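# Give me a 3D structure for the following:
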Amino acid sequence: MDEIHRLPADGQEMLFLLMDRGIYRRLGETEAHRKSGLMIIGATTENIDTSLLKTFLRRMPVIIKMPPLSERSLTERLQLIGQFFSHEQRNMGEVLHVDKEALLALLTYECAGNVGQLRADIQLICARAFLAFKIGTESERVEVDRTSLPEYIWLDYSKHRTQTNVV
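The predicted structure is shown next:
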């Protein structure tokens, strides 16, 4: 379950029964319980101590905390960015080239949505670059450059570049 923190308290209580006894009711059913043997994996970017009920947290046998993107090294961020671009290149079936400045912008921008947001941003960037490639360029490859970036990434990079004098 992604964004498990959005599950209201009554929804968390419904999951108690499923987690404790392996039974549930379908929406609208009032009589019969159904059985299920499943494992629930939840993800959140919120503080679980304040967004989930304590009784719900006690039913979670393992909690894995992943560091946010902002706390990861540039090397790790570069690896993630490379993986996401490689995946998009395979999906497009075209040669993809990422401009140095676009790469620097992705490496340094403060991605509020962490890795999931970075992946979605790269999908959007590749879609824009692919569209430009198909519509009117003479290039033999899909070019990701400053024009492919959403404005919020470019503005964040420009601000960062000005503050640190990065060229």
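
# the helices in the chain, which residues?
For the chain, the helices defined by DSSP state H occupy 9-21, 48-51, 54-57, 74-92, 100-108, 114-135, 151-164.

# Now do the same for the residue most central in space within the chain: its pLDDT.
In the chain, the residue lying closest to the centroid (Cα atoms, centre = their mean) is residue 116, at 0.6 Å. With respect to pLDDT, residue 116 has a value of 89.

# For the residue of the chain most remote from its centre, give its distance to residue 25.
Going by Cα atoms, centre = their mean, the residue of the chain most distant from its centre is residue 31, 39.3 Å out. Plainly put, residue 31 is 8 Å away from residue 25 if you go by Cβ to Cβ, to the nearest Å. C-beta: built from backbone N, CA, C; applies to glycine.

# returning to what we had before: averaging pLDDT over each of the helices of the chain, which comes out lowest?
helix 151-164 (a mean of 75).

# hang on, residue 9 packs against residue 54?
No. Counting by Cβ atoms under 8 Å, residue 9 does not reach residue 54; the two are 11.1 Å apart.

# returning to that earlier point: tell me which of the helices of the chain lies nearest to residue 2.
Across these, residue 2 has its closest neighbour in helix 114-135 (8.1 Å, Cβ to Cβ).

# Just the CA trace of that closest one, in CSV.
Taking Å, rounded to 0.1, in the frame of the first residue of the first chain, the C-alpha atoms of helix 114-135 are listed here in CSV:
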residue,chain,number,x,y,z
ASN,A,114,12.0,11.3,-3.0
VAL,A,115,12.9,8.5,-5.4
GLY,A,116,9.3,8.0,-6.7
GLN,A,117,9.1,11.7,-7.6
LEU,A,118,12.6,11.6,-9.3
ARG,A,119,11.4,8.6,-11.3
ALA,A,120,8.2,10.4,-12.4
ASP,A,121,10.2,13.5,-13.2
ILE,A,122,12.5,11.5,-15.5
GLN,A,123,9.5,9.9,-17.2
LEU,A,124,8.1,13.3,-17.9
ILE,A,125,11.5,14.6,-19.1
CYS,A,126,11.9,11.7,-21.4
ALA,A,127,8.3,12.1,-22.8
ARG,A,128,9.0,15.7,-23.6
ALA,A,129,12.4,14.9,-25.2
PHE,A,130,10.8,12.1,-27.2
LEU,A,131,8.0,14.3,-28.4
ALA,A,132,10.5,17.0,-29.5
PHE,A,133,12.5,14.2,-31.3
LYS,A,134,9.5,12.9,-33.2
ILE,A,135,8.0,16.3,-34.1
